[in-house]
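In: need a 3D model of the sequence below.
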Amino acid sequence: MSRVRKAIFPVAGLGTRFLPATKAVPKELMPVVDRPVLQYAVEEARAAGIEEFIFVSSMGKTAMEDHFDRNLPLEETLEKKNKLELLQAVRDAAIPDGQLTMVRQHAPKGLGHAVWCARHAIGDEPFAVLLPDEVLHAEKPCLGQMVEAQEELGGSVIAVIEVEREDTKKYGVLDPVDALTDETDVIAAKGMIEKPAPDAAPSRLACIGRYVLPGEIMSELGKTGKGAGGEVQLTDAIASLIGRHPLHGVRFKGARYDCGSVLGFLEANMAFGLAREDVAPALMKAMRAHLFGAKG
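Out: The predicted model follows:
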């Protein structure tokens with residue numbers, strides 16, 4: 001079985017929740033502390049052994065490609081000014097020559113369609129999909145756990161968390177084979193349902209935007225019709241592979257921030273700021289001042 005070397009990042013969305021900030025700046029480049037949201041996903045992929053990065057983008061988003069390129073004049077300036085930590089951070093952000101592919105999605109037809117747009121870059125290899133809006137933090141990165149599970153079990157692997165039953169209508173939901181316990185970290189499944197009503201949901205295990213999939217899913221996506229919301233749903237294509245490929249969910253245990261929402265984005269900045277030794281003391285002081293007044 002081929003090793004997972006490639007990852008798709010669907011980044012074609014308009015970011016309307018963040019207007020007017022995203023009128024000229026892609027939402028994926030909005031910073032959590034001092035790194036763009038997209039960079040967190042790229043770094044998670046790198047830690048899992050990903051070597052090829054495929055951005056499924058749209059018009060007006062070339063700044064993402066520039067962010068992951070080398071900026072030699074900037075590097076030269078930082079070196080001359082002896083700002084070596086910043087220089088290293090800028091260099092670390094770059095994706096090496098030949099490892100970044102940009103693919104266009106001309107119209108917003110759903111996540112499944114966005115993944116299908118990258119079919120020629122994937123071929124028949126297994127691959128990962130990371131939704132950059134989901135910023136995840138754990139002692140062991142989420143995608144790394146999933147790649148390990150896929151290497152052992154094959155087939156499709158998705159990251160899941162347990163949500164309140166009334167929230168199942170917001171997610172793709174796993175249909176487990178067996179009854180679950182809190183200790184069940186890798187969950188065999190017999191299906192997935194996209195955004196089921198709470199009373200129809202087979203479980204409370206919701207997909208959170210990390211997938212490891214067999215290359216064969218591309219042909220399934222090519223013939224998958226519109227699903228929930230009138231869009232091509234990736235979960236429908238995953239479900240169609242069951243019987244030929246096993247499906248497992250990996251329970252994510254860590255902090256998750258939905259940076260596709262304003263509240264989640266603000267929460268991520270607060271959490272990552274408080275985790276930074278160089279930022280946390282001043283941030284705590286500012287938070288106390290806002291919450292309790294200058295004398296709090």
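In: contacting residues around the residue nearest the centre of the chain?
Out: In the chain, the C-alpha nearest the mean C-alpha coordinate belongs to residue 131, at 2.7 Å (C-alpha atoms, centre = their mean). Applying C-beta atoms under 8 Å, 6 or more residues apart in numbering to residue 131 gives the contacts 9-10, 41, 111, 209-210. For glycine as for every other residue, the C-beta is placed from the backbone atoms N, C-alpha and C.
In: swap in residue 271?
Out: Residue 271 makes contact with 137, 255, 257, according to C-beta under 8 Å, 6+ apart.
In: mind listing what's buried along the helix or strand harbouring residue 43?
Out: Assessed by DSSP states H and E, residue 43 sits inside helix 37-47. The neighbour-count check on helix 37-47 (16 or more other C-beta atoms under 10 Å) flags 37-42, 44-46 as buried.
In: can you redo the residues you listed as TSV, where the extra columns are pLDDT and distance to residue 168?
Out: Listed next are the buried residues of helix 37-47 as TSV, based on pLDDT from 0 to 100; distance: C-beta to C-beta, whole Å:
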residue	pLDDT	distance to residue 168
37	95	25
38	96	28
39	96	31
40	96	26
41	96	25
42	96	30
44	94	26
45	95	28
46	95	32
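In: what is the nearest of these to residue 104?
Out: Closest approach to residue 104 among these (C-beta to C-beta): residue 38, at 16.8 Å.
In: which SS class is the spatially closest residue to the closest one that is not a sequence neighbour?
Out: The spatially closest residue to residue 38, leaving aside those adjacent along the chain, is residue 28, at 3.9 Å (C-beta to C-beta, 6 or more residues apart in numbering). Secondary structure, DSSP: H, G, I helix; E, B strand; the rest coil: residue 28 is helix.
In: look up how far residue 205 lies from residue 28.
Out: Residue 28 sits 27 Å away from residue 205, going by C-beta to C-beta, to the nearest Å.
In: just residue 245 next, same as before
Out: Residue 245 sits at a distance of 19 Å from residue 205 (criterion: C-beta to C-beta).
In: got it, and residue 37?
Out: 25 Å.
In: next, count neighbours for residue 4.
Out: Using other C-beta atoms under 10 Å, residue 4 has 24 neighbouring residues.
In: residue contacts, the residue nearest to residue 38?
Out: Taking C-beta under 8 Å, 6+ apart, we find residue 28 in contact with 11, 15, 36-38, 61, 64, 132.
In: would you format those as a markdown table with distance to residue 149 included?
Out: Listed next are these as a markdown table, based on distance: C-beta to C-beta, whole Å:
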| residue | distance to residue 149 |
| --- | --- |
| 11 | 25 |
| 15 | 32 |
| 36 | 28 |
| 37 | 25 |
| 38 | 25 |
| 61 | 32 |
| 64 | 29 |
| 132 | 22 |
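In: need the worst-confidence member of these.
Out: For these, the minimum pLDDT belongs to residue 15; the value there is 84.
In: which residue packs closest to that one, ignoring adjacent ones?
Out: In this structure, residue 15 finds its nearest non-sequential neighbour in residue 27, 3.0 Å apart by C-beta to C-beta, 6+ apart.
In: next: residue 137.
Out: Nearest non-adjacent residue to residue 137, counting by C-beta to C-beta, 6+ apart: residue 255, 4.4 Å away.
In: just confirm the one you found contacts residue 138, I think it does.
Out: Yes - under the contact definition of C-beta atoms under 8 Å, residue 255 touches residue 138, with a separation of 7.2 Å.
In: hang on, the earlier thing: show me which of the contacts of residue 271 are buried.
Out: Here, 16+ other C-beta under 10 Å leaves 137, 257 buried among those.
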